[in-house]
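**Q** My questions are about this predicted structure, shown below with the sequence.
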Amino acid sequence: MRKRRVLNFPVILEPDETGGFVVICPLIPGCFSQGETVEEALANIREAIQLCLEEMAMRGEEIPDPSKVLLGNVSVVQQTPNPKIVSAR
């Protein structure tokens, strides 16, 4: 019997401009999916990740270890343009 382990891959969800959501797995290049709802998009990316991992294993490629990924956020201050100054005549 083969040993099984659970891998928790980070994914990024973004609303699609035509509706629904696009989801990518940044640890696996080219691994992306979509869905009409967040739940559907997550279910679809789970399947896509599993298929990508199977393909990588068949090719003898190293499987990325998601436990070594650090997640964080960066705050950026966006400068607003100066309002146009209209001179009185």
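**A** That came through, no problem. Remember, it's a predicted structure, so these values are computed and weren't measured experimentally.

**Q** So for this protein, the centremost residue is which one?
**A** Geometric centre of the chain, nearest residue: residue 12, 2.6 Å, by Cα atoms, centre = their mean.

**Q** What does it show for phi and psi?
**A** Phi and psi for residue 12, reported as degrees, to the nearest 10, are phi -120, psi 120.

**Q** looking at this, residue 22 is in a strand?
**A** Yes. According to DSSP: H, G, I helix; E, B strand; the rest coil, residue 22 belongs to a strand.

**Q** Pull up the gap between it and residue 15, please.
**A** 8 Å (Cβ to Cβ, to the nearest Å). Where you see a C-beta, it was placed from the backbone N, CA and C, and this is true even at glycine.

**Q** okay, these two: which has more neighbours?
**A** Remark: of residue 22 and residue 15, residue 22 carries more neighbours, 17 against 10, as counted by other Cβ atoms under 10 Å.
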